[in-house]
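Enquirer: Below is the sequence, then the predicted model.
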Amino acid sequence: MDAPDAPPTVSAVDIEAATSGLSAADVAERVASGRTNAFNADTSRTWWSIIRANIFTLFNAIVFACFAALLALGRWQDALFGLAAIFNALIGCYQEIRAKVALDRLALLNAPRARVRRDGVEAEISPADVVQDDILVLRAGDQVPADAEVLSEQGLQVDESMLTGESDPIDKHPGGQLLSASIVVSGRADARATQVGADSYANRFAGEAKRFSLVQSELRRGVNKVLAWVAWGIGPIALLVTNAQVQVQGGWEEAFADGSWRQAAVDSIAVITAMIPLGLVLLTSIAFAVGAARLAAEKVLVQELPAVEGLARVDIVCLDKTGTLTYGDIAFDAVYPFDERVEGWRGALGWFGRAPDANATARSLAGGFPEGDTLVAEREIPFSSKRKWSAVSFGGTDAPGTWVLGAPTMVLPDAVTRSVPWSGPSAENDEASLADATNELASTGRRTILLAYSPVPLEDAHVKAESLPEHLDPIAAITLQEHVREDAAQTLAYFAEQGVDVKIISGDSPQTVAAIARDLGLDVPYGFDARELPTDNDALADVLDQHTVFGRVSPEQKKGMVIALQSRGHVVAMTGDGVNDALAIKQADIGIAMNSGSAATKAVARLVLLDGRFSHLPTVVAEGRRVIANMERVSMVFLTKTAYATTIAVLFGVLIMQIPFLPRQLSITDGLTIGIPAFFLALLPNTQRYIPGFLRRSLSFAIPAGLVVGLALTVFSRIAGHLWEIPIEEVRTGSTVIVGILGIWVLALISLPLSWIKAAILVAMVGGLALVLNVPFAIDFFQLDWPREDAVVLIAGLCAVGIVLIGIIRAVQQSYIRRQLTNIPAATPRRP
């Protein structure tokens, strides 16, 4: 047991001032000088950060520039692609604002109140209205609103686990320091506020954690990389294409003279927008939003959409013990009787658990010992953190003596010489000293207390002197442990099956943390004391590779541990609920907060478990895998379009050929071969495990397949438009048909193996293409004109060749991927 705090150091002047508190004039003077507890602690992302992240992007800048140009030219029919950018921004803003509103509402509902004494009168006020030197009146269950100094107390114990990770209640005495955001678990106290507002302990963490950064997303990073490539090439390609289209119209002078530059601009915009994977950006947002909605139904709040995929990429999960693996409270574990000849000991334990002034440790006995509810105390000595024991005598019982409950060495100082029945490793002839027996229990990480009995009842002299009667004998040792969450063991087993490493870090003692880890099925003989951790990042990473459980970890060390793991290429998730976890949660690739946690922690977390159930994490992993695997599949379709659009832009620009379709005609192929089927494919179930490098795999198919489609369009336009001089309207229609057929073939290949749902989607898209080519309204709106017979034969031949070549490309790509996967070691870090 820890030694008691130092003797009181509070002056008589402080104690006298506490009886009246500050005057109204004192409060006004401190408010005027800014010494208040007001602090703008973010409970979620700001409105501006959400809007900026979803609207002011490179993608939107390019798309809206083209969109505005077509509207200025009066060609709204060709500007329909702009709706994709608008919907993309709206979906992202809506989902993330929805998460913000939910977190802000939770913070408002959970806002505490502060009790102060001013002008001799107690009053409840908002914590923000507390001023420096206010007298705080604290009772069990109160949250300390500001850093404070204890002036007077009666059995005061506080829970600082939200700040330090230490789950055991801390005894506080006059002169001791209270940390803001700690909880009073027992007793009462008057305290003077010393550090308020941004200077308080909890708010210093919140202030550093407030700096928000976007979550790392391989999908978003891959899409942005493609957009960056397109952005670099779009300028010179746009000039090349525009010049070619103007030359087709007769040259710059003639184009401006007769207004044909407008058509040249429309043709240029058609190929420029085709180069941008518009639908991929939109569909990624939709897939994230649908994933977030599904997780919301499971009580998981997604603060930022790409966090849906994040946990699927994680290969190390760092778990804070208190509040994550455990509920943070103490629960009865087991009882080890030494002498059952004395009757009534179970009833005595039950009484201690239900006593009105029982502390957290004693209260944990109530569930294990339902007896004793009819016992009435005749005399009692309440628990004192200085004495480490409490005592009671009952009237009218078979055992009218005295029952004592407390720390073994404090109840029986001669425990080393007392022998008790024992069968543990320290026993000799089924006996051991009381000290050896209780130390053996304590070494397992359990908190151990002792019940002793004396046939001598308490007298008034005992109560006054707070002394124990003679002839005390040990009756039973009781072990207590933190209340482990029912779903923790199952969730840890899931991560083990999935190859995800687990690190348990806590402010508690290493032995306690290791004991809980063993109870949860982890093979950990002992915990590493974080006070011995090296400060060098490489050395710290080496220690983290060798150990699983860490105790006595400071908040700064938690953050350092995350950084060290990331330096070795790991993708790290961090869970927690306390202010002490906020910095590490923010630093992690995926931060996960419990709803019971502090506002600062929830504000920087990517995911918030609204009902605090750790078992939701496998659901999050499964949803992330579905999103990543499906988006990799459909990205091949979108990137194939980018590849063939870039191909024809370069070839048609160099060969001075007119672009063979209008923007509105691209809407046909975009919708039927990409947008509509990709939407459904992205939402289908998919349990494939995450494998890094989705962009490389997608491009290994999309670039050669896009080249095939681009070359087919170039050959068709060159032969039909230049050699046969077919009207441009027929060339555009033939080009639309080629893109439609080859696009559906690409769609079929990436859908393999086919299910009935995928087959239905393909049949529907073929039917849709046939309808567009034959319905009069569609023919008129899209300006379609079916080409003559020899052009149809050319279309059929080019499509047949394209189908064969793209099929070969897909087979080679699949073979290459299989070879690559067989060469990836199981332990390869998966940080992209």
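Expert: Good, I have the coordinates. As the structure is a computational prediction, the values presented were derived from the model and not from experiment. Numbering: from 1, shown residues only.
Enquirer: could you say which helix or strand contains Leu90?
Expert: helix 82-109 (DSSP states H and E).
Enquirer: With Phe550 instead?
Expert: Going by DSSP H and E, Phe550 is part of strand 549-551.
Enquirer: So what's the gap between stretch 662-673 and the chain middle?
Expert: How far stretch 662-673 lies from its chain's middle: 38 Å, per CA atoms, centre = their mean, to the nearest Å.
Enquirer: Number the chain from 666, please
Expert: Right, with 666 as the first residue, what we last looked at is stretch 1327-1338.
Enquirer: Rounded mean pLDDT for it, please.
Expert: For stretch 1327-1338, the mean per-residue pLDDT is 80.
Enquirer: what sits up against the very next helix or strand once past the helix holding Leu755?
Expert: Sequence-wise, the next helix or strand downstream of helix 747-774 (DSSP H and E) is strand 779-783. If you take CB atoms under 8 Å, 6 or more residues apart in numbering as the criterion, strand 779-783 is touched by 683-689, 692, 702, 787-792, 794-795, 799-804, 807, 810, 855. C-betas here are computed from N, CA, C, even on glycine.
Enquirer: Pull the CA coordinates from strand 779-783 and hand them back as PDB.
Expert: Below are the C-alpha coordinates for strand 779-783, written out as PDB (Å, rounded to 0.1, in the frame of the first residue of the first chain):
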ATOM      1  CA  ALA A 779     -19.300  23.400 -10.000                       C
ATOM      2  CA  ARG A 780     -20.100  24.100  -6.300                       C
ATOM      3  CA  VAL A 781     -18.400  27.100  -4.800                       C
ATOM      4  CA  ARG A 782     -18.700  29.100  -1.500                       C
ATOM      5  CA  ARG A 783     -18.900  32.900  -1.900                       C
END
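Enquirer: Please name the strands paired to the helix or strand that it is followed by in the sheet, noting orientation.
Expert: The helix or strand immediately downstream of strand 779-783 is strand 786-790, counting by DSSP H and E. Strand 786-790 has the following strand partners under DSSP bridges: strand 779-783 (antiparallel).
Enquirer: next SSE after the longest helix along the chain?
Expert: In the chain, with assignment by DSSP state H, the single longest helix is helix 1282-1319. Per DSSP H and E, helix 1282-1319 leads on to helix 1328-1334 as the next helix or strand towards the C-terminus.
Enquirer: and that following helix, what does it pack onto?
Expert: If you count contacts as 3 or more CB pairs under 8 Å, 6 or more residues apart in numbering; DSSP states H and E, helix 1328-1334 packs onto helix 926-940, helix 1393-1416.
Enquirer: hang on, the earlier thing: any idea of the mean pLDDT for the longest helix of the chain?
Expert: Mean predicted confidence for helix 1282-1319 is 87.
Enquirer: Across the sheet, point out what pairs with the nearest residue to Ile1250 once chain neighbours are set aside.
Expert: Nearest non-adjacent residue to Ile1250, counting by CB to CB, 6 or more residues apart in numbering: Gly1256, 3.4 Å away. On the basis of DSSP bridges, Gly1256 is bridged to Met1239.
Enquirer: Give me the neighbour count for Gly1256.
Expert: Residues near Gly1256, counting by other CB atoms under 10 Å, number 29.
Enquirer: From Val1458, how far out is it?
Expert: 61 Å (CB to CB, to the nearest Å).
Enquirer: Over to Ala1126?
Expert: Taken as CB to CB, the span from Ala1126 to Val1458 is 116 Å.
Enquirer: With Ala999 instead?
Expert: Taking CB to CB, one finds Ala999 at 86 Å from Val1458.
Enquirer: residues contacting the residue lying farthest from the centre of the chain?
Expert: Ranked by distance from the centre of the chain (CA atoms, centre = their mean), the top residue is Trp1389, with 61.3 Å. With contacts defined as CB under 8 Å, 6+ apart, Trp1389 is in contact with Asp1455, Ala1456.
Enquirer: Quick check, pLDDT for it.
Expert: pLDDT recorded at Trp1389 is 86.
Enquirer: Can you get me a residue count around Val1076?
Expert: 23.
Enquirer: what residues are up against it?
Expert: Contacts of Val1076 (CB under 8 Å, 6+ apart): Lys1053, Trp1054, Val1069, Leu1070, Leu1115, Ala1117, Leu1133, Leu1137.
Enquirer: try 10 Å this time
Expert: 1052-1056, 1069-1070, 1099, 1114-1117, 1133, 1137, 1139 (CB atoms under 10 Å, 6 or more residues apart in numbering).
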